[in-house]
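# quick one: sequence and predicted model below, then my questions.
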Amino acid sequence: MKKENKKEKMREIRDEILSLKNSPLYKYRLENKYHPVIGQGSHDADILFIGEAPGENEAKTGIPFCGASGKFLDELLLHIGLPREEVYIANILKDRPPQNRDPHPAEIEIYAPFLLRQIEIIKPKVIATLGRFAMEYIMNKFGLTESITKITDMHGKVYEAKGPGGTVKIVALFHPAVAIYNAGNKTELKKDFEVLKSLI
């Protein structure tokens with residue numbers, strides 16, 4: 001797919017989400033003057049990072065992973081010499097749920113198709129899930145349900161599935177926030193990111 005076509009298709013997704021009145025989070029977005037968080041990065045990225053949902057900082061700016069977790073994500077990317085501009089970062093939900101609660105099934109049903117369209121456009125070689133929620137969603141979606149165990153057992157491991165551009169490698173990662181609550185997790189995350197680097 002040509003670069004202009006990818007840009008156009010991403011723009012269509014953005015416009016649809018902006019006017020997504022049937023979403024249970026649409027009113028909450030308007031009331032709080034939040035932005036939807038569509039995604040950010042290269043439409044030709046080899047690695048697509050997927051989180052669960054935007055937090056407050058993200059909803060205020062429209063930029064994914066821009067708070068404390070985002071700063072550590074940038075540090076992890078720097079650790080493997082990969083500029084943020086060369087990856088793509090998105091979430092399953094494109095609007096912030098109140099109090100950062102887990103997404104409800106009805107919300108996933110509304111927002112997940114947009115993420116799947118983004119995967120179709122980007123055709124990444126690697127999908128890196130950030131956190132348990134995104135890991136379970138993507139593993140189920142790509143027919144790897146039987147491989148799902150606890151994230152503590154799965155992180156840093158590589159799974160193969162059929163993606164829109166051929167074989168896609170799926171890597172489960174801890175959410176960068178775990179390093180904010182426990183600095184000891186930083187080393188673990190850095191090792192997992194080195195696994196990512198070896199795949200591209």
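Cool, the structure landed. Numbers count the residues shown, from 1 in each chain.
# name the single longest strand found in this structure.
If you go by DSSP state E, the chain has its longest strand at strand 166-173.
# what residues sit buried inside the very next helix or strand once past it?
Using DSSP states H and E, the next helix or strand after strand 166-173 towards the C-terminus is helix 177-181. Under the neighbour-count criterion of 16 or more other Cβ atoms under 10 Å, helix 177-181 has 177-179 buried. Where C-beta positions appear, they are placed from N, C-alpha and C, glycine not excepted.
# can you give the contact residues for helix 177-181?
68-69, 72, 131, 185-186, 189 (Cβ atoms under 8 Å, 6 or more residues apart in numbering).
# hmm, 10 Å instead?
For helix 177-181, contacts defined as Cβ atoms under 10 Å, 6 or more residues apart in numbering pick out 51, 55, 65, 67-73, 75-76, 130-131, 151, 155, 184-190.
# could you look up the next helix or strand downstream of the helix-or-strand element of the chain with minimal mean pLDDT?
Using mean pLDDT, DSSP states H and E, helix 177-181 stands out as the lowest-scoring helix or strand of the chain, at a mean of 86. Going down the chain from helix 177-181, the next helix or strand is helix 185-198, by DSSP H and E.
# so which other helices or strands are in contact with that next one?
strand 47-51, helix 68-79, strand 126-130, strand 158-163, strand 166-173, helix 177-181 (3 or more Cβ pairs under 10 Å, 6 or more residues apart in numbering; DSSP states H and E).
# give me the angle between that helix and strand 47-51.
When axes from the mean of the first three to the mean of the last three Cα atoms, to 10 degrees is applied, the directions of helix 185-198 and strand 47-51 differ by 140 degrees.
# need the CA coordinates for helix 185-198. CSV is fine.
The C-alpha atoms that make up helix 185-198 are tabulated as CSV, following Å, rounded to 0.1, in the frame of the first residue of the first chain:
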residue,chain,number,x,y,z
ASN,A,185,11.4,-4.3,36.8
LYS,A,186,13.5,-1.9,34.6
THR,A,187,16.2,-4.5,33.9
GLU,A,188,13.6,-7.1,33.0
LEU,A,189,11.9,-4.7,30.5
LYS,A,190,15.2,-3.8,29.0
LYS,A,191,16.0,-7.5,28.3
ASP,A,192,12.6,-8.0,26.7
PHE,A,193,13.2,-5.0,24.5
GLU,A,194,16.5,-6.5,23.4
VAL,A,195,14.3,-9.5,22.2
LEU,A,196,12.3,-7.1,20.1
LYS,A,197,15.4,-5.6,18.5
SER,A,198,16.6,-9.0,17.5
